[in-house]
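[1] Next comes the sequence, and after it the predicted model I'd like to discuss.
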Amino acid sequence: MPTITISGAPGVGTTTVSLLLKEKLNLPYIYAGEIFRREAEKRGMSLSEFSKYCEKNPEVDKKLDEYQKEILEKGNIILEGRLAGWIAHINKIPAFKVLLKADINTRIERILKREGGDRDRKLKETLERERSEAKRYREFYGIDINDESIYDLVIDTSDKTPEEIVDIIIEKLKTKGEI
């Protein structure tokens with residue numbers, strides 16, 4: 001079985017797709033973002049506040065990234081994380097790298113459905129968090145998070161069900177002889 005990375009911005013469906021893929025392929029699954037969320041909660045910060053904190057404290061990101069690298073090196077896993085594909089790419093770890101994307105309105109609607117809250121506030125928080133992450137990735141690693149060239153498969157999830165997305169991934173894995 002292949003090592004698969006699933007990356008994408010908040011609200012594109014990475015968690016839903018990863019969990020479905022886990023069931024279909026019977027692979028272990030790790031969500032790197034959960035560790036980031038727990039670290040934010042430990043400090044009593046929102047995700048956008050914690051992102052800002054990480055700009056001045058790179059050791060938090062470095063620790064998470066090292067953890068992801070170790071997971072990828074073991075192989076035969078689905079790793080979901082914003083930088084999971086990049087970590088595999090930079091470290092030359094064989095992995096099938098998937099990027100999910102969707103327009104901002106679709107993403108915000110999904111986030112609201114999942115978390116509730118005020119639309120304008122969620123939009124502002126999401127955009128702030130994404131700006132902070134892009135800045136950190138650029139400064140810490142020289143990564144342009146908008147560069148899609150490293151991925152084996154890029155899927156716009158705006159008009160697709162999670163099941164359709166998983167079918168596309170599995171079909172591509174089959175055509176590449178990965179499964």
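    Received the coordinates, thanks. All of these numbers come straight from a predicted model, not from anything done at the bench.

[2] use CA for all of it now, contacts and neighbours both
    Will do.

[3] Could you pull up the residues touching Lys122?
    Residues counted as contacts of Lys122 (Cα atoms under 8 Å, 6 or more residues apart in numbering) are Ile108, Ile111, Leu112.

[4] Okay, and which of those map to helices?
    Applying DSSP state H to these, the entries found in helices are Ile108, Ile111, Leu112.

[5] Quick check: what element follows the longest helix anywhere in the chain along the chain?
    Secondary structure of the chain per DSSP H: the longest helix is helix 119-141. The helix or strand immediately downstream of helix 119-141 is strand 153-156, counting by DSSP states H and E.

[6] can you pull out the strands in this protein?
    Shown for the chain, the strands assigned by DSSP state E span residues 4-7, 29-31, 78-80, 96-101, 153-156.

[7] okay, the closest residue to Ile30 other than its chain neighbours: pLDDT?
    Distances taken as Cα to Cα, 6 or more residues apart in numbering place Leu79 nearest to Ile30, at 5.0 Å, with adjacent residues excluded. Confidence at Leu79, expressed as pLDDT, is 98.

[8] And for Leu79, the neighbour number?
    Each residue near Leu79 was counted by other Cα atoms under 10 Å, and the total is 26.

[9] ok, now how distant is the closest residue to Glu128 other than its chain neighbours from Lys122?
    Residue nearest to Glu128 in three dimensions, not counting chain neighbours: Ser48, with 6.3 Å by Cα to Cα, 6+ apart. Here the criterion is Cα to Cα, to the nearest Å. By it, Ser48 lies 10 Å from Lys122.

[10] Likewise for Leu112?
    In this view, Leu112 and Lys122 are 7 Å apart by Cα to Cα.

[11] next one: Ile143
    Using Cα to Cα, we find Ile143 at a distance of 25 Å from Lys122.

[12] just Leu153 next, same as before
    Distance of Leu153 to Lys122, given as Cα to Cα: 28 Å.

[13] how many neighbours does the residue nearest to Thr16 when sequence neighbours are not counted have?
    Closest residue in space to Thr16, ignoring its immediate chain neighbours: Pro162 at 6.7 Å, by Cα to Cα, 6+ apart. Pro162: 20 surrounding residues under other Cα under 10 Å.

[14] what sits against the nearest residue to Glu125 once chain neighbours are set aside?
    In this structure, Glu125 finds its nearest non-sequential neighbour in Ser48, 6.0 Å apart by Cα to Cα, 6+ apart. By Cα under 8 Å, 6+ apart, the contact set of Ser48 is Glu125, Thr126, Glu128, Arg129, Ser132.
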